[in-house]
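Student: Sharing a sequence plus its predicted fold:
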Amino acid sequence: GTSRGADRYEITQRRVTAEILPGVPTELWTYNGTYPGPTVESRRGRPVTVLHRNELPVPTVVHLHGGRTPAGSDGYPTDLVLPDGWAVHDGAHMPSDPRAVTSRVTREYTYPLDQRAALLWYHDHRMDFTAPAIWRGLTGMHLVRDAAEDALDLPRGERELALTIADRAFAADGSLAYPSLDPELRERPGVTAAYAAGVLGDVIVVNGAPWPAHEVDAVRHRLRLLNASNARHYRLEAVTDDGRRLDLVQVGADQGLLAAPVTHTALPLAPSERYDVVVDFAGLPPGSRVRLRNRLGAGRTRDVMAFRVARRAYDHSRIPEELCDDLPVWRRSQATAVREFAFRAGHTAQGRGWFVNGRPFDPARTDVRVRLGAVEVWRFTADVHHPVHLHQTRFRVLTRGGRAPLPHDAGLKDTVSLRPGETVEVITCFDGRRGRYLFHCHNAEHEDMGMMANLEIV
Ligand code: C2O
Ligand code: CU
Ligand code: CU
């Protein structure tokens with residue numbers, strides 16, 4: 001800490017050449033030279049400031065996903081940190097409304113973090129170019145801790161594993177393959193379609209390593225799962241050598257602890273969702289293996305990573321039946337508005353894209369104005385799969401497909417995965433801060449193609 005009472009970090013955004021595939025150099029865009037970027041850990045209510053310096057060849061914007069942050073530090077898509085030597089009037093790279101642009105080479109972001117313990121993550125959020133920036137490596141984790149979580153005897157220390165799961169594709173020379181960055185490829189219809197649907201890779205990368213194997217003691221482990229993929233969905237299961245599926249005991253969602261644990265044998269994970277699960281390796285023979293698999297994958301994308309059981313050990317962790325009792329309860333009868341948002345493909349004079357209520361993102365337009373403190377029900381509909389994310393707020397899933405939510409919808413979330421054709425209702429209270437925020441699809445290509453809207457809290 002410093003005399004100002006805030007923890008202060010400095011992050012330089014820069015290119016590095018690293019080895020993701022063994023023996024093959026890959027150029028990455030990084031926070032402080034690593035992929036993923038440094039994991040920041042902080043305490044609830046203790047402000048953090050992060051000074052970002054942009055040494056990349058393109059403008060950037062940093063968003064702390066899940067953070068309840070003043071609008072000026074939320075990483076609005078036109079709130080750019082410019083590369084050295086760039087000027088605001090460099091017209092070719094300006095968004096449609098130049099008045100919305102502020103920029104500088106370094107920028108200090110301030111995060112009050114007056115919020116429950118949770119796994120947040122930070123990533124690039126530049127208008128129209130978020131997807132390639134994330135693909136090239138601009139993601140990192142931010143863990144918020146608090147006393148309520150400390151009081152539980154969940155697995156900790158080396159028995160708590162924070163896992164950034166993402167897929168990537170590589171060209172023959174080791175560079176990251178991303179369809180829309182190559183103007184020649186982009187003209188080929190198959191590639192255009194792959195871009196529009198959301199870019200997938202055939203290599204599963206966990207904490208920067210392809211299909212890693214991690215050594216564990218034969219005890220409970222807490223897995224903090226983040227799907228940092230641009231577009232890939234997972235349905236994770238933990239499978240032993242003899243084909244047994246271990247329970248995934250969910251203790252937390254995007255926005256922190258659940259009221260009570262929920263046991264899954266497979267857990268869906270949409271882009272940007274986080275799940276906090278406990279897996280028990282007790283009773284597995286030393287030398288055996290547990291594979292974390294993706295039931296939605298095919299061929300080698302069915303595998304995610306493995307745990308190799310090293311030795312028996314004493315386990316002092318437990319999973320209490322009640323995890324917390326301070327979750328806000330919002331009732332439909334309190335809601336002062338019910339709003340509808342359709343997440344669908346569409347076209348305008350400028351071409352095809354992915355839109356919210358028929359319109360592509362426009363920084364100059366306010367799409368929704370809500371009152372600070374209002375409880376509202378938001379009803380989302382989808383044509384294809386869209387993980388819908390709200391900045392600044394946490395919500396509960398009220399209904400899914402006209403029925404009760406599914407077991408994995410439990411708790412406070414900031415992203416909800418709409419399945420094809422599905423309607424999902426969420427309820428929230430806009431009790432954070434006033435200002436201009438966003439909501440959008442977290443399929444990063446859909447977001448870049450316009451599936452984002454402005455939320456103004458007044
Ligand atoms: Cu994870 Cu608006 O973003
Ligand atoms: Cu966010
Ligand atoms: Cu989408």
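Tutor: Received it, and whenever you're ready, just let me know what you need. Ligands and ions are numbered 1, 2, ... in the order given.
Student: is it true that A148 lies in a helix?
Tutor: Yes: assigned with DSSP: H, G, I helix; E, B strand; the rest coil, A148 falls within a helix.
Student: Now for it, how many residues are close by?
Tutor: 16 (other Cβ atoms under 10 Å). To be clear about C-beta, it is placed using only N, CA and C from the backbone, and glycine gets the same treatment.
Student: Tell me if stretch 211-227 is near ligand 1.
Tutor: No: figure legend: stretch 211-227 not in contact with ligand 1 (Cβ under 6 Å from any ligand atom); closest approach 10.3 Å.
Student: chain center to that stretch, what's the gap?
Tutor: In this view, stretch 211-227 has its centroid 19 Å away from the chain centroid, taken as Cα atoms, centre = their mean, to the nearest Å.
Student: so how far does it reach from one end to the other?
Tutor: By Cα to Cα, to the nearest Å, the extent of stretch 211-227 from end to end equals 14 Å.
Student: helix or strand for H446, which one?
Tutor: Secondary structure assignment for H446, by DSSP states H and E: helix 444-448.
Student: which other helices and strands contact that helix?
Tutor: Using 3 or more Cβ pairs under 8 Å, 6 or more residues apart in numbering; DSSP states H and E, the elements in contact with helix 444-448 are helix 130-135, helix 189-197.
Student: Quick check: what element follows the helix or strand bottoming out on mean pLDDT in the chain along the chain?
Tutor: Here the helix or strand of the chain ranked lowest by mean pLDDT, DSSP states H and E is strand 102-104, holding a mean of 60. The helix or strand immediately downstream of strand 102-104 is strand 106-111, counting by DSSP H and E.
Student: Enumerate the positions of that following strand that are buried.
Tutor: R107, Y109, Y111 (16 or more other Cβ atoms under 10 Å).
Student: which of these has the weakest pLDDT?
Tutor: Within the buried residues of strand 106-111, pLDDT reaches its minimum at R107, with 93.
Student: who does it bridge with?
Tutor: H52 (DSSP bridges).
Student: Out of the helices and strands packed on helix 444-448, which gets the lowest mean score?
Tutor: Minimum mean pLDDT among these: helix 189-197, a mean of 80.
Student: Around H391, how many other residues sit close by?
Tutor: Residues near H391, counting by other Cβ under 10 Å: 26.
Student: what residue of the protein is the furthest out?
Tutor: Distance from the C-alpha centroid of the chain peaks at P285, with 34.6 Å (Cα atoms, centre = their mean).
Student: that's a strand at that one, yeah?
Tutor: No: counting by three-state DSSP, P285 falls outside a strand, being coil.
Student: picking that back up, so which of the helices and strands packed on helix 444-448 is the most packed in?
Tutor: helix 130-135 (a mean of 25; mean count of other Cβ atoms under 10 Å).
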